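*Asks:* What follows is a predicted protein model with its sequence.
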Amino acid sequence: MRTLIIGAAGFVGGYLIDHLLKTSHGALNVTKMPHETLSNASVEICDLNLLDMEAVKNLIDRLRPEHIYHLAAQSSVALSWKNPGLTVDVNIKGTLNLLDAIRSIDNYRPRILLIGSGEEYGYIHPEETPVNEDTLLRPGNIYAATKACQNMLGTIYTKAYNMDIVMVRAFNHIGPNQTPIFVTADFCKQVAEIEAGKKEPVLSVGNLEAMRDFTDVRDVVRAYALLLEKGQSGETYNIGSGKAVRIRQILDMILSYSKISIQVRQDPERLRPSDIPIIEADIRKVHETTGWEPEIPLEQTIVETLNYWRNQI
């Protein structure tokens, strides 16, 4: 069986490649943007710009993978406020190009996993927490809106064109090698820089009161693989820990492992125009369908992420 990972050069891609190489059989192909770097002798790596429809169709037609993981996305909420056009192009137009390319190829019906986000739920009412997959979507930022649109497109293409598409809403996933535009990696990187004497002992933060559902990226990619194997076509599945944690608690945990005393200072530049108070996943559906549940404790993920940045710095 041939598997294709679209957008493998990102944070999740490396972990998914490792997981599939350990657990799957058959050929594994991956794509990256031409400007990205990715090296792995065990997989065939192809450059692909999702906004180039002809290139997408040619690659899919040449490889004809049975399984496709669509990881490619502009996945930063903060960046989506600064560059909404890019976010729409990559997350909506890129997904449409992929789905239309697959649809246009005769006698070809691969199984596709579309990766969405817990941010899609947006402004959650207190009585709706934790949110299940049937909760009304009220996106509160540009990134969330594009991912909600992607999910709707996946549902439409499944029904209208009999495509085999499974969709997920992945909540915050964290771990070593994540870019510091995300909060946990950012805090860990700042602490490592302070410990190394490359930054004054002041850690800059944004909103610490928001509550988010954090899961280790290695648990997340296990869920992806299980859902591509066992998920029901046209259905959406939450992937998260099932427990929201205040950002302040994440910060306190990181600081507790710091080797020196650090002052915390709020930076107005890190505050978003709109921030959802709490996002917490109901993960019963994915568990009932696949048996999946998270295994790696939050404390372990944070220690390993902090040590990763210490080694990098």
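*Replies:* Right, received. Where do you want to start? Numbering: from 1, shown residues only.
*Asks:* so after the lowest-mean-pLDDT helix or strand in the chain, what's the next helix or strand?
*Replies:* Here the helix or strand of the chain ranked lowest by mean pLDDT, DSSP states H and E is helix 77-82, holding a mean of 90. Downstream of helix 77-82, the first helix or strand assigned by DSSP states H and E is helix 84-88.
*Asks:* what residue ranges in the stretch 101-250 of the chain score low on pLDDT?
*Replies:* When the per-residue scores of the stretch 101-250 of the chain are filtered using pLDDT under 70, no range remains.
*Asks:* Quick one: the strands in it, in order.
*Replies:* 111-117, 164-170, 173-174, 202-205, 211-213, 215-216, 236-239, 244-246 (DSSP state E, counting those that start in this stretch).
*Asks:* Can you tell me the strand partners of the last one and which way each runs?
*Replies:* Strand partners for strand 244-246, identified by DSSP bridges, are recorded as strand 211-213 (antiparallel).
*Asks:* For the partner strand, give me every contacting residue.
*Replies:* Identification of contacts with strand 211-213 by CB atoms under 8 Å, 6 or more residues apart in numbering yields 118, 130, 171-172, 240-247, 277-281. To be clear about C-beta, it is placed using only N, CA and C from the backbone, and glycine gets the same treatment.
*Asks:* redo that, cut-off 7 Å
*Replies:* Outside strand 211-213, the residues that touch it by CB atoms under 7 Å, 6 or more residues apart in numbering are 118, 171-172, 240-241, 243-247, 277-281.
*Asks:* Greatest separation within the residues you listed: which pair is it?
*Replies:* Comparing all pairs in the contacts of strand 211-213 by CB to CB, the longest separation belongs to Ser241 and Pro277, at 17.7 Å.
*Asks:* returning to that earlier point: please pick the buried ones from the contacts of strand 211-213.
*Replies:* For these, a burial check counting by 16 or more other CB atoms under 10 Å picks out Gly118, Phe171, Asn172, Gly240, Ser241, Ala244, Val245, Ile247, Ile278, Ile279, Glu280, Ala281.
*Asks:* Mind putting those into a markdown table with distance to Leu86?
*Replies:* What follows is the buried ones among the contacts of strand 211-213, written out as a markdown table (distance: CB to CB, whole Å):
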| residue | distance to Leu86 |
| --- | --- |
| Gly118 | 21 |
| Phe171 | 23 |
| Asn172 | 21 |
| Gly240 | 26 |
| Ser241 | 30 |
| Ala244 | 29 |
| Val245 | 30 |
| Ile247 | 26 |
| Ile278 | 28 |
| Ile279 | 23 |
| Glu280 | 29 |
| Ala281 | 27 |
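*Asks:* with those residues in mind, which one is nearest to Val183?
*Replies:* Set against Val183, the nearest of the buried ones among the contacts of strand 211-213 by CB to CB is Ile247 (6.2 Å).
*Asks:* Can you tell me which of the buried ones among the contacts of strand 211-213 end up in helices?
*Replies:* Those of the buried ones among the contacts of strand 211-213 mapping onto helices are Ile247, per DSSP state H.
*Asks:* pLDDT score for His70?
*Replies:* With respect to pLDDT, His70 has a value of 98.
*Asks:* now Ser274
*Replies:* Reported pLDDT for Ser274: 58.
*Asks:* just how off-centre is the longest helix seen in the chain within its chain?
*Replies:* If you go by DSSP H, the chain has its longest helix at helix 142-161. Relative to its chain's centre, helix 142-161 lies at 16 Å (CA atoms, centre = their mean, to the nearest Å).
*Asks:* ok, residues contacting it?
*Replies:* Residues from elsewhere that reach helix 142-161 (CB under 7 Å, 6+ apart): 76-77, 80-81, 84, 87-88, 91-92, 95-96, 99, 103, 114, 116-117, 119-120, 122, 137, 139, 163, 165, 167, 233-234, 236.
*Asks:* what's the angle between it and strand 111-117?
*Replies:* For helix 142-161 against strand 111-117, the angle by axes from the mean of the first three to the mean of the last three CA atoms, to 10 degrees is 150 degrees.
*Asks:* and the direction of helix 142-161 versus that of strand 164-170, what angle?
*Replies:* Going by the same axes, to 10 degrees, helix 142-161 makes 160 degrees with strand 164-170.
*Asks:* Packing partners of the least confident helix or strand of the chain?
*Replies:* Using 3 or more CB pairs under 7 Å, 6 or more residues apart in numbering; DSSP states H and E, the elements in contact with helix 77-82 are helix 142-161.
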